[in-house]
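Student: Predicted model follows, preceded by the sequence.
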Protein chains: 4
Amino acid sequence: MSEQFRMGAEVARLRETVAALHAELVRYGLVAWTAGNVSARVPGRSLMVIKPSGVSYDDLRPDNMVVCDLDGVVVEGDLAPSSDTAAHAYVYRSMPDVGGVVHTHSTYATAWAARGESIPCHLTAQADEFGGEIPVGPFALIGGDDIGKGIVATLSGHRSPAVLMRNHGVFTIGRNARAAVKAAVMCEDVARTAHLARTLGQPTPIAAEDIDSLYERYQNVYGQTTVPAANR
Amino acid sequence: MSEQFRMGAEVARLRETVAALHAELVRYGLVAWTAGNVSARVPGRSLMVIKPSGVSYDDLRPDNMVVCDLDGVVVEGDLAPSSDTAAHAYVYRSMPDVGGVVHTHSTYATAWAARGESIPCHLTAQADEFGGEIPVGPFALIGGDDIGKGIVATLSGHRSPAVLMRNHGVFTIGRNARAAVKAAVMCEDVARTAHLARTLGQPTPIAAEDIDSLYERYQNVYGQTTVPAANR
Amino acid sequence: MSEQFRMGAEVARLRETVAALHAELVRYGLVAWTAGNVSARVPGRSLMVIKPSGVSYDDLRPDNMVVCDLDGVVVEGDLAPSSDTAAHAYVYRSMPDVGGVVHTHSTYATAWAARGESIPCHLTAQADEFGGEIPVGPFALIGGDDIGKGIVATLSGHRSPAVLMRNHGVFTIGRNARAAVKAAVMCEDVARTAHLARTLGQPTPIAAEDIDSLYERYQNVYGQTTVPAANR
Amino acid sequence: MSEQFRMGAEVARLRETVAALHAELVRYGLVAWTAGNVSARVPGRSLMVIKPSGVSYDDLRPDNMVVCDLDGVVVEGDLAPSSDTAAHAYVYRSMPDVGGVVHTHSTYATAWAARGESIPCHLTAQADEFGGEIPVGPFALIGGDDIGKGIVATLSGHRSPAVLMRNHGVFTIGRNARAAVKAAVMCEDVARTAHLARTLGQPTPIAAEDIDSLYERYQNVYGQTTVPAANR
């Protein structure tokens, strides 16, 4: 019973976190109308907390978030979960270290995705967060496991926490939901800068060993080592 | 009298809805100064509620919305209705299933309209909402039925709820005003992404049967089936 | 003395109007830091009300606006007037129907100005407000009457209330300050759309007689005929 | 002890200033997530006040700013200082007239930096603030003095208070932190306009003597000569 209580508190905390993180998607202009979603894994449980489908960002509150199992079946909540639930669930089933997933159609990243072009690494900020290029995943229809499979196949063993799904948009992963949101914000930021750089010529390459060095440092040194990782 | 009361309540509700929906045009950056408008059909009556002409979005309130008949003649209201009233009225007269109409000069969509180019469907989000390309309508002068005729001729029998009127801007339709506003928001969103994708090369095509499949699913499965359609 | 009182009230009203209109420049993203200004002629007096130089938009209030005569000499106010005061003053001296002047470096319009290219009229919104192309004025250094002369030489006898000063930015005029601000907002809006349209090809021309017809109608029919022109 | 008190008050004032100035980076869209920072030299002391590393702009307050010596060692504060502290410190050690340093990855300026192209001076606003082109500095890895050396080598004896660090972003300097923030805002503004101008053709050059004349005037005449320089 104390275990059950702890789990209830954990789910309640994640309902708050997930509802609040959607405001970051709005703040950074990554979403239009209702087209983007955040989820979080419930640590130690085969559960996730995710946005309800088609509900306006203004109306998101902790209590209308939806709790699903990792097959995407609703466990708690009155609303239907995001139409992207199957993709989130597939990622959680396949990648045990992932604690958060974000999906957007953010403009510049989706423009690269529409051409099926990965974003080459010409910026130190991209080396820091993505460790190199941001890769392209396959075209996949919604409604089954195809999107999830495409995400997992592309990101497994890759440094990048972001994948550009062809003709579709961006999925990002993180050790928790906040890290996945950060990756979504930074993905659009570098996609925009890379787009503009390319519009007037060719960016200067960064040497592979410099990318490695930037990535290592950023992942291990940046931020406050005494604050919870979720806030970094 | 009870019928008259019910109608008064319905008009009052639509005055609120129409006034409030203009804030979405502002929020999504679809309008500059006073250049965009929303209207709603009064269900079961030959009436519509529309923005007054040349009034700032800051100053829109339920009580300064204008009620017109479907010839564009003012029935209730102290202000002149939108200069686009004739076009809205023509659409309502010609397309009985349309419950809302929106007009904007949103930047990216209007750039496609200035070239007279339809927006090809290279994004799943466009397949979802528009079912394929967003078509171009004819050049037409304001002041008679020419704009309305151009909208109806282009959209009748077309999946797209949006038309790019040549050298002018966007008109969208929906089963109600909120759906038409959503179409205006999504039209600009996909017009922007398509513009950026094309700036650096050619987007990858999506197979026609995949577009069909995405459109079918989105129109029938997305969102909350238990909430009013107006909020989806 | 009653006359003097009336004049004091008029100046007080214009201090409020001019201070408040700067917020529209901020809202529409036309200005960075302190680089843009609005002025209004005091009707029937050889005076104008203008922004103080180098003061943040957050700090503008009616009582720190500066009143100058039409040679740019400060008549009322503790702060130095805008460094563009001489240009505003020259316009008021030369164009008696002008009641308001606005200057910005708004991004897209200034990009056209940097190339010394006028904006051709490919949009009905441009035909409405500008009656055709938005013309380019000469390169001129700040500090004397050269900018003012360039504005007046370009706009005299031209329909457009906006001029793109070469390598510099935009000046707009209007029958009052609000109309000049509206012209500045619409100038950036059409400059942006025209830029984007041209990026991917050539916009379709609009026939000269259609431009004339749109301009005539918009100037005479649009908006509320019973509200003060300043609010249209 | 009175001297120590004065110093404490000065540091307290700079904590407020530096915390508050980060809001300008957010307002002008120069930063995403936590990727940008402001610092101020403590006048007459070998100390600086700087942003903590990896902390959200929403959470910055005077009391979580970090005070470091000019080797980057923390003197006051519970949090680790910005990961760019070594670069700020190097600038303060090498350029005694610099009282403020700002670092951003602002989009358009960083796009020029990604191509390793300086921004040529085709705008009077750029002549005013930067006195000519905005130069490019070398590629340098974070973690030692390389970035600081690159900034100082590029800006020493140059009119421009901004340098585009190759594949990285922008560093700006000023006589105080506010002036450095202004330079960061204006750098992005002119980088954006220059980018757009170049997208559709070649901007018209400005004669070197006109650039000199604009720069001289702006540095000496613009703004309020009776207000503290920090507010100009």
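Tutor: Sure, I can see it. Fair warning: this is a prediction, and the values are worked out from it, not measured in the lab.
Student: Just give me the neighbour total for A:P96.
Tutor: Residues within reach of A:P96, counting by other Cβ atoms under 10 Å in any protein chain shown, total 8. In short, each C-beta sits where N, CA and C put it, glycine included.
Student: Likewise for A:G44?
Tutor: Counted with other Cβ under 10 Å, the neighbours of A:G44 add up to 9.
Student: how much space between it and A:V38?
Tutor: Plainly put, A:G44 is 20 Å away from A:V38 if you go by Cβ to Cβ, to the nearest Å.
Student: check contacts around A:D78.
Tutor: A:N64 (Cβ atoms under 8 Å, 6 or more residues apart in numbering or on different chains).
Student: State the pLDDT value of it.
Tutor: pLDDT recorded at A:D78 is 92.
Student: isn't there a strand covering it?
Tutor: No: counting by DSSP: H, G, I helix; E, B strand; the rest coil, A:D78 is not part of a strand but coil.
Student: Now it. Its backbone dihedrals?
Tutor: phi -90, psi -10 (degrees, to the nearest 10).
Student: excluding its backbone neighbours, what's nearest the residue of chain A found nearest chain D?
Tutor: Closest residue of chain A to chain D, Cβ to the nearest Cβ: A:G223 (3.0 Å). Leaving aside its sequence neighbours, A:G223 sits nearest to D:G54 (Cβ to Cβ, 6 or more residues apart in numbering or on different chains; 3.0 Å).
Student: swap in A:G148?
Tutor: Using Cβ to Cβ, 6+ apart and skipping residues adjacent in sequence, the residue nearest A:G148 is A:Y90, 2.4 Å away.
Student: Show me where chain A has its strands.
Tutor: A:36-42, A:47-50, A:66-69, A:74-76, A:100-104, A:136-137, A:162-165, A:169-174 (DSSP state E).
Student: returning to what we had before: contacts only, for the residue of chain A closest to chain D.
Tutor: Counted by Cβ under 8 Å, 6+ apart, A:G223 has contacts A:R232, D:T34, D:S53, D:G54, D:A80.
Student: which pair in the residues you listed spans the largest distance?
Tutor: Farthest apart among the contacts of A:G223 by Cβ to Cβ are D:T34 and D:A80. That separation is 12.3 Å.
Student: Show me the common contact partners of these two, please.
Tutor: Applying Cβ under 8 Å, 6+ apart, one finds that D:T34 and D:A80 are jointly contacted by A:G223, D:S53.
Student: rewinding a little: where's the residue of chain A closest to chain D relative to B:V136, distance?
Tutor: Distance from A:G223 to B:V136, by Cβ to Cβ: 50 Å.
Student: for chain A, which spans come out with low pLDDT?
Tutor: Where chain A drops to pLDDT under 70, the residues are A:1-3, A:225-232.
Student: Get me the contact residues on it for chain B.
Tutor: Residues of chain A lying near chain B by Cβ under 8 Å from any Cβ of the partner chain: A:32-35, A:52-56, A:79-80, A:83, A:105, A:107-108, A:110-112, A:114-117, A:139, A:141-143, A:166-169, A:195, A:198-199.
Student: Which ChimeraX command selects the buried ones in those?
Tutor: Here is the ChimeraX command that selects the buried residues among the residues of chain A next to chain B (16 or more other Cβ atoms under 10 Å in any protein chain shown):
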select /A:32,33,34,35,52,53,54,55,79,80,83,105,107,108,110,111,112,114,115,116,117,139,142,166,167,168,169,195,198,199
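Student: rewinding a little: which stretch among the strands of chain A approaches B:A180 most closely?
Tutor: Of the strands of chain A, nearest to B:A180 by Cβ to Cβ is strand A:36-42, at 21.7 Å.
Student: Okay, now the sheet partners of that closest one, with direction.
Tutor: Within its sheet, strand A:36-42 is paired with strand A:47-50 (antiparallel), strand A:100-104 (antiparallel), according to DSSP bridges.
Student: by how many degrees do that strand and strand A:169-174 diverge?
Tutor: With axes from the mean of the first three to the mean of the last three Cα atoms, to 10 degrees defining the directions, strand A:36-42 sits at 30 degrees from strand A:169-174.
Student: if I look at the residue nearest to A:Y215 when sequence neighbours are not counted, how far off is C:K149?
Tutor: Leaving aside its chain neighbours, A:Y215 sits nearest to A:G131 (3.9 Å; criterion: Cβ to Cβ, 6+ apart). Using Cβ to Cβ, one gets 58 Å for the distance from A:G131 to C:K149.
Student: ok, now A:L60?
Tutor: For A:L60, the distance to C:K149 (Cβ to Cβ) stands at 57 Å.
Student: ok, those two, which is more surrounded?
Tutor: Each of A:L60 and C:K149 has its neighbours counted (other Cβ under 10 Å); A:L60 has more, 22 against 17.
Student: Which secondary structure elements does the longest helix along chain A sit against?
Tutor: Looking across chain A with DSSP state H, the single longest helix is helix A:2-27. If contacts are counted by 3 or more Cβ pairs under 8 Å, 6 or more residues apart in numbering or on different chains; DSSP states H and E, helix A:2-27 sits against strand A:36-42, strand A:47-50, helix A:177-199.
Student: Can you name the residues in contact with the first one?
Tutor: With Cβ under 8 Å, 6+ apart as the contact definition, strand A:36-42 has outside contacts at A:7, A:10-11, A:14, A:17-18, A:21-22, A:25, A:30, A:47-51, A:67, A:82, A:84-85, A:88, A:92, A:98-106, A:176-177, A:180-181.
Student: Buried ones among those?
Tutor: A:10-11, A:14, A:17-18, A:21-22, A:25, A:30, A:47-51, A:67, A:82, A:84-85, A:88, A:92, A:98-106, A:176-177, A:180-181.
Student: Looking from chain C, tell me which residue of chain A is nearest.
Tutor: A:T199 (8.9 Å).
Student: Am I right that that residue is in contact with B:L200?
Tutor: Yes: counting by Cβ atoms under 8 Å, A:T199 does reach B:L200; the two are 6.9 Å apart.
Student: about what we covered before: in JSON lines: the strands of chain A, plus distance to A:T204.
Tutor: Below are the strands of chain A laid out as JSON lines (distance: least, Cβ to Cβ, whole Å):
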{"stretch": "strand A:36-42", "distance to A:T204": "33"}
{"stretch": "strand A:47-50", "distance to A:T204": "41"}
{"stretch": "strand A:66-69", "distance to A:T204": "46"}
{"stretch": "strand A:74-76", "distance to A:T204": "50"}
{"stretch": "strand A:100-104", "distance to A:T204": "29"}
{"stretch": "strand A:136-137", "distance to A:T204": "23"}
{"stretch": "strand A:162-165", "distance to A:T204": "22"}
{"stretch": "strand A:169-174", "distance to A:T204": "25"}
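Student: Out of those, which gets nearest to A:A125?
Tutor: Of those, nearest to A:A125 by Cβ to Cβ is strand A:162-165, at 12.9 Å.
Student: Distance from that closest one to the middle of the chain?
Tutor: 9 Å (Cα atoms, centre = their mean, to the nearest Å).
Student: Stretch A:127-146 now?
Tutor: Centroid separation for stretch A:127-146 versus its chain: 10 Å, with Cα atoms, centre = their mean.
Student: residues of that stretch that come out buried?
Tutor: Quick answer for stretch A:127-146 (16+ other Cβ under 10 Å): A:127-140, A:142, A:145-146.
Student: and it, C-alpha only, in PDB?
Tutor: Provided in PDB are the C-alpha atoms of stretch A:127-146 (Å, rounded to 0.1, in the frame of the first residue of the first chain):
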ATOM      1  CA  ALA A 127      27.900  19.200 -31.600                       C
ATOM      2  CA  ASP A 128      27.100  19.900 -27.900                       C
ATOM      3  CA  GLU A 129      23.600  18.600 -27.900                       C
ATOM      4  CA  PHE A 130      23.500  16.100 -30.900                       C
ATOM      5  CA  GLY A 131      27.100  15.000 -31.200                       C
ATOM      6  CA  GLY A 132      27.000  15.400 -35.000                       C
ATOM      7  CA  GLU A 133      24.400  15.300 -37.700                       C
ATOM      8  CA  ILE A 134      20.700  15.000 -36.900                       C
ATOM      9  CA  PRO A 135      19.600  11.900 -38.900                       C
ATOM     10  CA  VAL A 136      16.500  11.200 -41.100                       C
ATOM     11  CA  GLY A 137      14.200   8.400 -40.300                       C
ATOM     12  CA  PRO A 138      11.900   6.600 -42.800                       C
ATOM     13  CA  PHE A 139       8.500   7.600 -44.100                       C
ATOM     14  CA  ALA A 140       5.900   5.800 -42.000                       C
ATOM     15  CA  LEU A 141       2.100   5.900 -41.700                       C
ATOM     16  CA  ILE A 142       0.500   6.600 -38.400                       C
ATOM     17  CA  GLY A 143      -1.700   4.000 -36.700                       C
ATOM     18  CA  GLY A 144       0.600   1.000 -36.000                       C
ATOM     19  CA  ASP A 145       4.200   0.500 -34.900                       C
ATOM     20  CA  ASP A 146       5.900   1.800 -38.100                       C
END
